[in-house]
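1. Can you look at this prediction? I've put the sequence above it.
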Amino acid sequence: MSQNEAKRLAAEKAIEYVEDGMVVGVGTGSTVAFFIDALARIKHRIAGTVSSSEQSTERLRGHGIEVLELNDTGDLALYVDGADECDPNKRLIKGGGAALTREKIIAEASDRFVCLIDPSKQVPVLGRFPLPIEVIPMARSLVARRIVALTGGQPVWRDGVVTDNGNLVIDVHNLSITDPVALERELSQVPGVVSVGLFARRPADVVIVGGEPPRVL
Ligand code: 5RP
């Protein structure tokens, strides 16, 4: 089965978690694009969505699905998003699509975080996928130096990418993240870091691994 087909099957399964009248938090990426397309079929049943990126907002509105402000909705019952890596404790690396900050905000606001992955994203230890970190532009070099000192990893500026928040992304290579909660806390404290693409303090609640049939963890 192709990676895309696995993503689509995970996204279809996630529709089972959507209940009537819900405001659904919506992540970003190619897996979520399948979820948005599936959500369009039941859009009359939901109260609306909160979007984690301009990209997802455009796709949602293209389907005629209402996009609301998190400031107006309060906490959400459900957040559905993809991930770049997932460990056995449902802790994640996210931010391959540079939407990590808004994704983290919505995850924090949500009672249930359902994460959709294809099987290639399951890892025993996080870090094979370079860890994205969103940084304030003037702090780019400072944060890179602190990353080297704190982690020993290799920071690479994602040149040409500006986030929806007007910031930059640094990807940290060569990590083996044995304590993701501690690393998330440490890196988040460096001045200039907006957010770290580790979702360990607030991991996923449910992980759906795409396949025939999808596996729910
Ligand atoms: C975007 C993300 C995505 O969820 C992650 O990159 C996975 O993307 P895809 O579904 O395209 O494989 O964190 O910031």
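-> In hand now; what should we look at? Residues are numbered from 1 along each chain as shown.

2. What parts of the protein come near the ligand?
-> Contact residues, the chain versus the ligand (Cβ under 6 Å from any ligand atom): 27-31, 81-84, 94-100, 103. C-betas here are computed from N, CA, C, even on glycine.

3. Can you tell me which of those are buried?
-> Listed as buried from these are 27-29, 31, 81-84, 94-100, 103; burial here means 16 or more other Cβ atoms under 10 Å.

4. returning to what we had before: of the residues of the chain next to the ligand, which belong to strands?
-> The strands, defined by DSSP state E, take in 81-82 from those.

5. And the residue minimising distance to the centre of the chain, how far from residue 106?
-> The centroid of the chain falls nearest to residue 94 when counting by Cα atoms, centre = their mean (4.6 Å). Residue 94 sits 11 Å away from residue 106, going by Cβ to Cβ, to the nearest Å.

6. With residue 115 instead?
-> In terms of Cβ to Cβ, residue 115 sits 12 Å off from residue 106.

7. now do residue 188
-> With the distance defined as Cβ to Cβ, residue 188 ends up 17 Å from residue 106.

8. so residue 145 sits in a strand?
-> No: Residue 145 sits outside any strand when classified using DSSP: H, G, I helix; E, B strand; the rest coil, being helix.

9. Tell me which residues touch it, please.
-> Listed by Cβ atoms under 8 Å, 6 or more residues apart in numbering, residue 145 has no contact partners.

10. re the thing from before, what sits in contact with each of residue 94 and residue 106?
-> Shared contacts of residue 94 and residue 106, defined by Cβ under 8 Å, 6+ apart, are found at residue 81.

11. what about the residue of the chain most remote from its centre, which SS state?
-> What lies farthest from the middle of the chain is residue 149; by Cα atoms, centre = their mean that is 26.2 Å. Secondary structure state of residue 149, per three-state DSSP, is helix.

12. circling back to that earlier point, more crowded one of residue 188 and residue 106?
-> Neighbour count, other Cβ atoms under 10 Å: between residue 188 and residue 106, residue 106 has more, with 22 against 15.

13. contacting residues for the more buried one?
-> Contacts of residue 106 by Cβ under 8 Å, 6+ apart are 25, 27, 50, 52, 70, 76, 79, 81.

14. and it, how far is that from the ligand?
-> Distance, residue 106 to the ligand, using Cβ to the nearest ligand atom, to the nearest Å: 11 Å.
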